[in-house]
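Novice: Please find the sequence and the predicted model below.
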Amino acid sequence: MGRFWGRSRAPAGPGSTGGNPRDPARPRPGRDQESDGRPDRRLPPERRRRAILGMRSVAGQVFVLQVVIILVLVVAAGIEVFVQARHDTTVEAGNRSLAVAQTFANSPGIVAAMESAHPTALLQPRAEATRLATGVDFVVVTDDHGIRYTHPIPNRIGKKFVGDIGPALAGQTVTETIKGTIGPLVQAIVPVFDSRHRVIGAVSAGITLKKISSTSQHRLPVVLGAGALALGLATAGTWLVVRRLRRQTHGLGPAEMTRMYEHHDAVLHAVREGVLIIGDDSRVLLANDEACRLLDLPLGEWDNRLVADLGLDQWLTDLLTSGRAVTDEVVSAGDRLIAVNIRTTDRNGGPPGVVATLRDSTELRALSGKADQARKRLKLLYEASAAIGTTLDITRTAEELTEAVVPRFADFASVDLAEQLLHGDEPVPGRVVNLRRAALHGARLDTPFYPVGTSIPLASGTPQAEALEGHSVLEADLSNPASNWLLTDPARAERIVGQGIHSLITVPLLARGMLLGVAHFYRSEKPEPFDTDDLSVAEELGARAAVCIDNARRFTREHRMAVTLQHSLLPGGLPEQSALDVAYRYLPAHAGVGGDWFDVIPLPGARVALVVGDVVGHGLHAAATMGRLRTAVHNFSTLDLPPDELLGHLDVLVNQIDQDRAATDGETSITGATCLYAIYDPVSRRCSMARAGHLPPALVRPDGSVEFVDLPAGPPLGLVGLPFETVELELPEGSRLVLYTDGLVEDRTQDIDVGLDRLRTALAQPHRSPEETCQAVLDAVLPTNPTDDVALLVARTRALPADQVAAWELPADPAAVARVRADVAEQLTDWGLDELAFTTELIISELTTNAIRYATGPIRVRLLRDRGLICEVSDGSSTSPHLRYAAPTDEGGRGLFLVAQLSERWGTRYTADGKVIWAEQPLP
């Protein structure tokens, strides 16, 4: 508004800087007249506005007239050029077509070709060559009936000529303009005369108009260029005139000037910001209504008065008359605080003086204080929401609440939770009767509050009791003798008040409609007590913390259930066996229960199976799936299957689990599991193993050298159809076989190869027991915070001594049964097992008789003295005998029944070249 500060409610001249501003005739010293021809600024506003609008109207009218004249001339010239170009193009096309047609018609050999038996064969090549050489679009030769001999399009040869060929057949030359299939064109038709001057046909040549470029067309750019130049000159001249006008009107258009001069008074006096315009002689030239209100000036009495005579505070008077620029400087004006902004008006050639804007900041100061408090509270809630609930631990979540509010909101904070909640149990609906302190945090350590872990007494009427009813409590003054807060523990309350703690807020912790506990917030260092706004913040903090605590409680409960389930599904101890010295470690993940498992399963023939598996995921589903797979491995192992076949059956089972879950959940869910299955035979010291997507086992030989068994990985369980491969190794006695899950060697911060190298280094020590090996591996390899379960199984091999094994090979002769019975009895005598001689001879007799009678050779008998006496009879047949109960009149069928009755257990296992029937008896 600095450009129009001279206009006020009185008709002041815009050029005035002193004296009576309402005197329009008063000249301004040194600025009586413009030197550049612009209208006199001292003219009244209405006359000056008319002069400006008049000048702009004339410039616009002249420019429009110039544009119209130029456009008429350009259009007329363009039409003339176009018509002339059209005529020249047609003439040129006719001349070229006629020349080509006459030349071709009079060329040597044309008449002979047309009179020959095959005119097309002779004329078509010449016509095409002529067409290409001359640039015409076609050269057509016809007979005296108008039938074509040639044409650029071969399929039109032999058809009737399109055009007026009559004059040509009459001996005349015809040139015509037509619109053909290839566009507007000019064609010439010339007759062909024979030696007797008879017309025997015609030649037509044609060319499209678009191929002809007339020289007159080149004049069109000149005409357009001249018109553009004239238009540019007219535009430049008009622009210079308008620029002159805009400089005189300070860039405002006619409509803007009109609106400005008609409405600036109304706008100036309606704004809610005071405006003062002061001349260079410190006299007030303009003061709007808001400035009069803020400075307590009567309306209309400020006109041309000195600022010092307005009765303002001295500091404000000095500021307004200083002539310097000021930004948002707050000064007093009576009982108001006013923010003052001052700018000079003589910049960019303006008149000398200053303009000051005044803004009442009295209420703004109070509102800004409240807004700042609200902003701090919102920031506290935002940051507390991010800090609370970072873990799924109940106690830690309670501690995070207290740490988030101290010291920004309170100086001391504590959280008391229901006792059953700390154990992960569901809170009992209704009143909580037992509270225990879960967290305490404060600005000082030496406070008389109940320490963490203490049971909190609940006296009727206290803030704790009211909070347990679901109501928040605000105790603004704890030193008030009438406060119910003192009833909790009067002696302790007196010590708390004695340390300067003066204000308290207690809020209930409610989640899903269940009361979980209470939270207390105390102030001591901050002198102001809690108010109702603080109570709202505390309630919001309590609500957010309650949700996190409830989530942690539910996780604790589910985690405890999953751990209980998992421990019930894992082996409770190792079975008795003599083939391996075994030690194991199982560590559940910190984040949740996983699906890792291991097993040691005794097999017939003193053999032992080692199993390690891993189900992908965590939680109850992973633990339950692990239990199903472990049970399945036990069941499949009773069939005495080789490792690859057992993994194949397990693969089908995992796929079936996926299908069952998909049918239940309505979506495909891949279980994902890996497994390693190994069988060790202490008699042959051979170990056969196969794996399904699991990490390879480590083999530590007696000398301490370590290697990872080169075992084909195989697909993970559940894919069905992909084969597994069994590898068989011979292990020296005292070797250690190490089976493990990926949680031992995998870490998010490092590659798995690093974990395997660390495992190799930890195992490279000879003469360690399995227990020592387990501990050394965990100390060296286990990640600091494992995110997955860890299962580790270390088995040191043993060999069954040769003197505890006896074997015989029998011919397929029933007479050999008696001989082997005698050899067995003799061997038992050597072992001191005469008590088992009778039953063993009977078992051997029945098994060998069946093998000789129903099977094929070779037939072998083997006795193993281990924890029990094991009798084995092998043959070359894959047919397994079945136990049946013979009728009283049957003469046979009781052999296997006797074997089952006399032995502790018996069974059949298949080998690559037959089967083995075994029976085991306990040692006396």
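Specialist: Done, it's in.
Novice: residues in contact with Arg768?
Specialist: Contact analysis of Arg768 by C-beta atoms under 8 Å, 6 or more residues apart in numbering lists 736, 776. The C-beta positions use only the backbone N, C-alpha and C, and glycine is treated the same way.
Novice: Read off the pLDDT value for it.
Specialist: Looking at Arg768, its pLDDT is 90.
Novice: Look at it and give its secondary structure.
Specialist: Recorded secondary structure, Arg768: coil (DSSP: H, G, I helix; E, B strand; the rest coil).
Novice: What's the separation between it and Leu695?
Specialist: For Arg768, the distance to Leu695 equals 21 Å [C-beta to C-beta, to the nearest Å].
Novice: For Arg131, give me its contacts.
Specialist: Counting by C-beta under 8 Å, 6+ apart, Arg131 touches 137-139, 152, 205.
Novice: again, only using 7 Å
Specialist: Arg131 makes contact with 138-139, 152 under the criterion C-beta atoms under 7 Å, 6 or more residues apart in numbering.
Novice: Closest to Ser877 out of those?
Specialist: Proximity of the contacts of Arg131 to Ser877 (C-beta to C-beta) peaks at Pro152, which lies at 92.6 Å.
Novice: could you pull out the helices for the stretch 201-350 of the chain?
Specialist: In the stretch 201-350 of the chain, the helices defined using DSSP state H, counting those that start in this stretch lie at 219-248, 254-270, 289-295, 314-321.
Novice: actually the stretch 751-900 of the chain, not the one I wrote
Specialist: Assigned by DSSP H, counting those that start in this stretch, the stretch 751-900 of the chain shows helices spanning 752-763, 770-781, 816-831, 837-854, 895-902.
Novice: Now find how far off-centre the longest one is within its chain.
Specialist: When you say that, I think you mean helix 837-854. When distances are taken as C-alpha atoms, centre = their mean, to the nearest Å, helix 837-854 is centred 71 Å away from the chain's centroid.
Novice: just checking, what packs against that helix?
Specialist: helix 816-831, strand 859-865, strand 868-875, helix 895-902, strand 914-922 (3 or more C-beta pairs under 7 Å, 6 or more residues apart in numbering; DSSP states H and E).
Novice: Please repeat the previous calculation with a cut-off of 10 Å.
Specialist: Here helix 837-854 touches strand 805-810, helix 816-831, strand 859-865, strand 868-875, helix 895-902, strand 914-922, going by 3 or more C-beta pairs under 10 Å, 6 or more residues apart in numbering; DSSP states H and E.
Novice: got CSV for those, with mean pLDDT, mean neighbour count and distance to Ile69 too?
Specialist: Converted to CSV, these look like this (pLDDT from 0 to 100; neighbours: other C-beta atoms under 10 Å; distance: least, C-beta to C-beta, whole Å):
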stretch, mean pLDDT, mean neighbour count, distance to Ile69
strand 805-810, 92, 16, 127
helix 816-831, 91, 16, 135
strand 859-865, 93, 21, 125
strand 868-875, 92, 22, 122
helix 895-902, 80, 16, 127
strand 914-922, 91, 20, 118
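Novice: now those in a markdown table, with distance to Val563?
Specialist: Below are the helices and strands packed on helix 837-854 laid out as a markdown table (distance: least, C-beta to C-beta, whole Å):
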| stretch | distance to Val563 |
| --- | --- |
| strand 805-810 | 45 |
| helix 816-831 | 47 |
| strand 859-865 | 41 |
| strand 868-875 | 37 |
| helix 895-902 | 42 |
| strand 914-922 | 37 |
